[in-house]
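Student: this one's structure only:
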């Protein structure tokens, strides 16, 4: 396979993209109004920068991705040679995948894969709380209960 | 310059490695330090690939994959630790994270 | 087998008295005393039986320990060992006795350590395997460290550390030398062993022999102690409790001398002869320097400690004179010094118990109050300065006779040491018991227990002075290196 | 052998026109299914709206927010277009009509498609707008999650055809299209593909109703247009890939030339994409993610293992 | 993989399988006690798996792994140490951390890493083992989230370990680029054929030394040690001090033997300098420390220096000495950390010297154990440490390393000082009115473990023959 068509194609794509950007820069109009320089936040005056801290959930996804993507790399390298390595290789990759699934189950059970609030869980916790507080109410005064909670 | 491809490859890897090393040494932000270490690891990986292609073996590529996996695991753990550290210190300056001495 | 028993009895006693102390302190003391007395009886019996008859080696015992390295549990007893053991158990029993009232805290652990040291010392005197020798040599250190470090006086930790590090450093040098000897022997003969008798005539290069000898010698010089290595001694002796001082001065120093006689000279006769003048010089230096320093001290225990340095100088001089006369003197000196210095430490301890000071400037005029103690002190001070009729005289006389044949000038200077000895000895008497009394102490004289101890010591030193023949006979049952 | 320059030019020309044309096509088809008119004024069937839109975009203000990270802001939309366009080099449109006949074609596709996530993250982050940031984060997590299964689901095809080369994969489908043995793989790939292009119903990163326009809220003019084009190119790419991998690529009865078969199949799938948009509600973000990790991921692993086992068994028979 | 391969790698496979199973266990039932007992069983089973593996030795699993007597011995050592550390851990984590189950994943996993190191004969397996070990350690070190120094230590270790790994890898790549082999014997053969060490390979070895030296904690790659020891949970510090270093040392020995390291004076000199520097720096820096964890850290640096002396002697006795010393050192270090664990309260670790003041009178039993451990570290008779040091000196004398030995002797004396300082502190009485704040937990299991360790320590100190014979046997195989 000659390499040059690929390179040429890539070059053309780059030129094309920069051409579009340049053209729109040249052709586009300019204006300056009172609120031009402000971020769009659905009409509300924006407060502060958007360099916020976001939930660590996202980090978790990134980690999951990094780990499992690398596993994919391993699996891919098996997939290309699976005929040569035969059943032994298959056994090997099965073990690998089983371990991978074990990890997945572990993360699942530990809530790493719960990306939003789970309605059922909240409901269960609420019911439990309610039951407990009912049981408490029979025996202890509210003051004691408050102390117990502290 | 008429470099042998292997030599050239190793040279490139070496340059990357040194760049990473310098960066680790002068950076004060832990995330950047981590990044620099990753560069060094990848430089080592590159060296392996170059060496493997020199000998016509696949071992170097396999090694590179392991390096990749290890780097990934390291980044994962590293990020988690950094998050925790940030939680405590409100800063990622490596000088701040140096309360132990002696 | 009996030799093994000699080692095991104090070891068992150590453990038992530790355990017993948690029930009853008195038991602990009794067990400790009993185990030592048993041993004393055993060695006394051996001495009595074999005094006249028998060959050079009275007992031997050998069992494999680490065959892999050629290490064996090789115990043997000849005249030298026998005498040293008698001294060991005698002084050991006394030190249990003197601690009877002095040590009130952690009694069990104290006795454990005391007996453990004695076990180590016994081992050193009995073993004929170099590895084992080193093993016991090191084993003495830790309990001694504890004795000084826990029950000692004000600066006990400093003293204990110094003692430990000095002796350990010396010990490690000896270890290197032992190992080198082991490999040289192995390389030359194909037999890798630590057995003393096998190693005795190891052929080796002149240079190597000298280096190895120095390795051994330094360990022993530190222990002895000879002058440049002596600085641990005053501290350790001063800060140790009375029993500790007795053991240190009476026994631990002797292990150094014993090591020279047993190992340095027989293993490296040529090398030893080569360095003999220098070492004798060190000995003389010790005699005079130690004596002068002793004279300058105000602390009673420190003073006594420096006299040890001086006396051990004689041992060094004698040991490197290479003739039987001197050797017999050396053995005699070891025993006599053990007894006399031990006694002086005991008296210093007794005084300290009563007036809570060791500073002789604060004492004076005590004779009128404690005449018995005073007269006992007088006897031992006289022994220390070498008055005829007491053990030390015999010893020093023999040594000087022997060394005269080896090197006259050395002998002359050593004799000057005797003069210094007179000065510091009399200073003790003068400052403590005579002279003006600065302070009024109300102090009781020796009680019965102390009296028993002192009497035993006095008897011993007198016996040595008046009838030294049994000791000399026994000490001849050793193959000295003579040239 | 056709001259490679012609191929390059042809492919690029076709792609850009398709992307632009899809604007019209989508709106017309949505209108059709939703029973309304759609663009019908400019030109025949309103076709010229494509031209009008393009011109309008070029003349719109090329606004770079003063609070944005300017270089990255400009750079981001270019990434998406470039990466998707680059992906097409490995697609065999017909026998011999392929820009670069790589032996690692599938891997190249995966690599290029994962580049797409950069444009979203960088664009959203550089905008320095809270909506954009949130959209970018969501988009990134969605895309990287689905990328894992995408790669895995493809491996079934690789196992069956024993090659990463797309031409060879197509050739291997002469007896039976891989959609038959790899139905599960196809479905997973399809879902993952939709998520990768963040098309409706998986358009969580833009989600008008909650995030205004998500990661491109601050974009306007041709830069916005490039995101737009990128999306349509993405649809085309996924359709082309699905056709190549599971539906026999250019293969078909001989009464039509191969390239026509390819185009027909591809456009069918493009229409499917548009139909999905017209008919499906948008899932919640957490539903989407959990669906991916808890259902698709184990399924794709299972699919791969079963496929390999059967293939090995068949070989050893 | 053949049947023989399976059996030979039995301990490794068992332990790793156990990790996976206990991960599922945690996923379904989060219970500290269950997880703990399961891990204990896992270690025991892995230990049992050594017995069938003995039938097949020496067995090579080409090209990565080799199972011979040397590796099996060290497998046993590593597993036993892991077991003991595990025994000491339960109470420690029970008192300190809410989510404690994952510890029982990470610890066996790290042990697995060490096991891989022990059997490896190839760069790849070396790297894999090292990284399994390291990455588990990152987690372990930072395990106590509530403790502020914990994640500082973790991140420090992470960055430095990654850095050193990069060096190790680049070094390996250079060696590989020149020799074309990644297995140790192959490299040895290639070098022998070349007859000299070219600069590239020398640079490679140097860079590998950085990586290996970091793990071993030898000077000048030792800076991490005290901080990590201080910040990590105590059982983990014990792990780092023993298993992590031991595993690496085993690989180093195998590598050095296989490439005939002694034939090349440059390598020898590199290691010699490292050895001397380690002894001196370790001991000197330990002198002024007030924190026992840090003292132990520095002392372990010095101990690695001692081991290197035996290593460099180039005689078979040297290798035997290292093995014996490792056994003694493992027992001693775990014992010392065990005392720290037992003495620590749930609020804080007993780590400053002052926490140990007059300990002998308050907790005589633990203090006795600690004294024994410290004396063993110092190499005083009746302890295994003495025989170990004796063995090392013997090897040194045999190899005529007079200079190194002299350095060793000097350092032993320096070392003595700070060990004694701790002992002295334990014997000091409390000043009147003084109170100690440490309220030790003194768990039963911990005490029993300590007792066993002490018995072992004294046993090896008095009757080392059996162990020596074992070691001599296996050394015949490797050399």
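Tutor: Received the coordinates, thanks. Just so it is clear, the model here is predicted, and its values are computed rather than measured.
Student: phi, psi of residue C:187?
Tutor: With angles defined as degrees, to the nearest 10, residue C:187 sits at phi -70, psi -40.
Student: so which helix or strand of chain A has the lowest pLDDT on average?
Tutor: Between all helices and strands in chain A, the lowest mean by mean pLDDT, DSSP states H and E belongs to helix A:142-149, at a mean of 48.
Student: residue C:393: how many residues sit nearby?
Tutor: Other residues lying near residue C:393 total 21 when counted by other CB atoms under 10 Å in any protein chain shown. (C-beta placed from N, C-alpha, C; glycine too.)
Student: which strand or helix spans it?
Tutor: Using DSSP states H and E, residue C:393 sits within helix C:391-406.
Student: with adjacent residues omitted, what lies nearest to residue C:204?
Tutor: residue C:184 (5.2 Å; CB to CB, 6 or more residues apart in numbering or on different chains).
Student: am I right that the one you found is in a helix?
Tutor: Yes - under DSSP: H, G, I helix; E, B strand; the rest coil, residue C:184 falls within a helix.
Student: and it, how many neighbours does it have?
Tutor: With other CB under 10 Å as criterion, residue C:184 counts 19.
Student: host element of whichever residue of the stretch 301-450 of chain E sits closest to chain A?
Tutor: Going by CB to the nearest CB, chain A is nearest to residue E:347 of the stretch 301-450 of chain E, at 20.6 Å. Using DSSP H and E, residue E:347 sits within no helix or strand.
Student: against chain D, how distant is it?
Tutor: 40 Å (CB to the nearest CB, to the nearest Å).
Student: and residue E:364, by the same measure?
Tutor: Residue E:364 is 57 Å from chain D, by CB to the nearest CB.
Student: and residue C:456, by the same measure?
Tutor: For residue C:456, the distance to chain D - CB to the nearest CB - is 90 Å.
Student: in terms of pLDDT, where does that residue sit?
Tutor: pLDDT, residue C:456: 90.
Student: try the one 10 residues further on
Tutor: We have a pLDDT of 88 for residue C:466.
Student: for it, which non-adjacent residue is closest in space?
Tutor: residue C:389 (6.3 Å).
Student: just want the phi and psi numbers for the one you found.
Tutor: According to degrees, to the nearest 10, residue C:389 has phi 100, psi -10.
Student: so it touches residue C:465, yeah?
Tutor: Yes - here residue C:389 lies in contact with residue C:465, judged by CB atoms under 8 Å, at a distance of 4.7 Å.
Student: can you map out the strands along chain C?
Tutor: C:59-66, C:71-77 (DSSP state E).
Student: before we move on, back to that, in terms of secondary structure, what does the helix holding residue C:393 contact?
Tutor: Here helix C:391-406 touches helix C:269-296, helix C:300-319, helix C:324-355, helix C:371-385, helix C:408-428, helix C:448-466, going by 3 or more CB pairs under 8 Å, 6 or more residues apart in numbering or on different chains; DSSP states H and E.
Student: ok, 6 Å please
Tutor: Counting contacts by 3 or more CB pairs under 6 Å, 6 or more residues apart in numbering or on different chains; DSSP states H and E, helix C:391-406 is packed against helix C:300-319, helix C:324-355, helix C:408-428, helix C:448-466.
Student: next, the angle helix C:408-428 makes with the first one.
Tutor: Orientation check (axes from the mean of the first three to the mean of the last three CA atoms, to 10 degrees): helix C:300-319 against helix C:408-428 gives 160 degrees.
Student: check the second one too.
Tutor: An angle of 20 degrees separates the directions of helix C:324-355 and helix C:408-428 when computed by the same axes, to 10 degrees.
Student: now do helix C:324-355 and helix C:448-466, the angle between them.
Tutor: Going by the same axes, to 10 degrees, helix C:324-355 makes 160 degrees with helix C:448-466.
Student: with the third one instead?
Tutor: Computed by the same axes, to 10 degrees, the angle separating helix C:408-428 from helix C:448-466 equals 150 degrees.
Student: now do the helices in chain B.
Tutor: Using DSSP state H, the helices assigned to chain B run over residues B:5-26, B:30-55, B:59-89.
Student: between those, which one is closest to chain E.
Tutor: So among the helices of chain B, helix B:30-55 is nearest, using CB to the nearest CB, at 3.5 Å.
Student: show me what counts as buried in the closest one.
Tutor: B:30, B:33-52, B:54 (16 or more other CB atoms under 10 Å in any protein chain shown).
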